[in-house]
Structure formats: structure tokens, C-alpha cells
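In: task: produce atomic coordinates for the following.
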Amino acid sequence: QVQLVESGGGLVQAGESLRLSCTASGRTWGEWVLGWFRQAPGKEREFVAAFNYYSDRTSDYPDSVKGRFHVSRGARNTVDLQMNSLKPEDTGVYYCAWSTYMSQQPRAYEYWGQGTQVTVSS
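Out: Numbers count the residues shown, from 1 in each chain. Next up is the predicted model:
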């Protein structure tokens, strides 16, 4: 079992930054990956980034966030998502999810956090 707790969401203006954090507990030994996804109202869940906590390897970023978002190791058992130059289209609920391997597909992730709201005003 894995428990995930996200933090750091909020309301910001376009151009500003936010840092999200996801802390895992439970199965945190060996190789595991934390992925970040987001979902806007009426849209499908979208992959944002992933980080392999064992190897420090990061995923490719989708074009929608490339150059603005950066995923990295944070505090113990924590993965951070730094989001810069935020745009209104970045608005949505951001979820972190746990897997044993790197993937951009939601179905690869076994455990999910509760989500944190990010709202970017224009």
C-alpha cells in the first residue's frame, strides 16, 4: 500500500509560479516513480511529468509544459513539481500517482493522491 499527499496548489495570476509537492508513504523502498497528472473540467487526465525516485531519472515533458515545468526530488520520499510562467490553461486539479515504472499512461499508476487545485487567472 502507498499513501500520497499533495500540497502546494492555489490561486495565482498568469506568469507566476507554484511548487507542488507529493509525499509518499508505505511502499517507499526499491524503485518507484511518482507521476504528475492534471485534469481540467470536461477534459481527460493529462500527463505532466514523472520522476524515478531510485535513479533520479525524469520523464520527457509534454509540449504544453516543456520549458516551464520541472520535476525533481524534494524532501524525503517527496517529489516536487515546479511550475513557472503559469498560464490560464494550466488550471486544473493536479494529481500525483505512484508506479513501479516510468510511464505517461494513467493506467500504469497504482496509487493516486487526492489532488490539489491549481487556478491561474488571466
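In: tell me which residue lies nearest the centroid of the protein.
Out: residue 36 (2.5 Å; CA atoms, centre = their mean).
In: so which strand or helix has that one?
Out: Per DSSP states H and E, residue 36 falls inside strand 33-39.
In: pLDDT on the helix or strand that that strand is followed by, on average?
Out: Next helix or strand after strand 33-39 toward the C-terminus (DSSP H and E): strand 46-52. For strand 46-52, mean pLDDT rounds to 97.
In: circling back: the residue nearest to the centre of the chain reaches residue 45, doesn't it?
Out: No: applying CB atoms under 8 Å as the test, residue 36 and residue 45 come out as separate, 10.8 Å apart. Bear in mind the C-beta positions are built from the backbone N, C-alpha and C, glycine included.
In: at which residues are the strands of the chain located?
Out: In the chain, the strands defined using DSSP state E lie at 2-7, 10-13, 18-26, 33-39, 46-52, 69-73, 78-83, 92-99, 111-112, 116-121.
In: how about the ones you listed in TSV, adding distance to residue 62?
Out: Formatted as TSV, the strands of the chain follow (distance: least, CB to CB, whole Å):
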stretch	distance to residue 62
strand 2-7	19
strand 10-13	20
strand 18-26	16
strand 33-39	10
strand 46-52	6
strand 69-73	9
strand 78-83	13
strand 92-99	13
strand 111-112	19
strand 116-121	16
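In: how about those, which one is nearest residue 105?
Out: Proximity to residue 105 (CB to CB) singles out strand 46-52 among those, at 7.5 Å.
In: which strands and helices lie in contact with the closest one?
Out: Judged by 3 or more CB pairs under 8 Å, 6 or more residues apart in numbering; DSSP states H and E, the packing partners of strand 46-52 are strand 33-39, strand 69-73, strand 78-83, strand 92-99.
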